[in-house]
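*Asks:* kindly generate the corresponding structure for this input.
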Amino acid sequence: QVQLVESGGALVQPGASLRLSCVASGDIFAVNRMGWYRQAPGKPRELVGTITRANTTNYGDSVKGRFTISRDNAKNTVWLQMDSLKPEDTAVYYCNTDTIRLKNGDFYYNQWGQGTQVTVSS
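*Replies:* Here you go, the predicted model:
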């Protein structure tokens with residue numbers, strides 16, 4: 001059994017910064033790609049960015065140059081540093097992993113966290 005738990009969401013003003021965290025818990029051997037997605041009311045879920053175990057990153061066009069993803073493989077943790085926040089960044093942010101391998105050899109695919117709310121408003 002694995003679980004992804006996000007934290008760090010808040011209400012902030014435009015131009016502010018915020019850092020989200022996501023920890024994968026369980027008897028984990030390794031986590032492959034980790035990433036962040038977001039969903040605003042009435043809109044489909046969209047890619048924010050992903051990061052591989054080798055720290056190769058990929059970002060959605062709307063956040064390039066403002067958001068930065070990083071991770072700690074030993075802690076099974078991924079962070080999302082969000083700078084220069086805009087009202088259109090308001091959404092529920094979800095953590096995602098494509099593959100988690102447990103120490104017993106089991107694999108978990110396409111796992112999601114419960115989401116954390118980010119609201120950017122003056």
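*Asks:* any idea which residue is closest to the centre of this structure?
*Replies:* The chain has residue 36 as the residue nearest its centroid, 3.0 Å off, counting by Cα atoms, centre = their mean.
*Asks:* quickly list what that residue is bridged to.
*Replies:* residue 49, residue 95 (DSSP bridges).
*Asks:* against residue 98, how distant is it?
*Replies:* 13 Å (Cβ to Cβ, to the nearest Å). For every residue, glycine as well, the C-beta is placed using N, CA and C.
*Asks:* strands along the chain, start to end?
*Replies:* All strands of the chain, identified by DSSP state E, fall at 3-7, 11-12, 18-25, 28-31, 34-39, 46-51, 57-59, 67-72, 77-82, 91-102, 107-112, 116-120.
*Asks:* so what's residue 71 closest to, chain neighbours aside?
*Replies:* residue 78 (4.4 Å; Cβ to Cβ, 6 or more residues apart in numbering).
*Asks:* show me what contacts that neighbour?
*Replies:* 21, 22, 34, 35, 36, 51, 69, 70, 71, 95 (Cβ atoms under 8 Å, 6 or more residues apart in numbering).
*Asks:* how far away is it from residue 23?
*Replies:* 8 Å.
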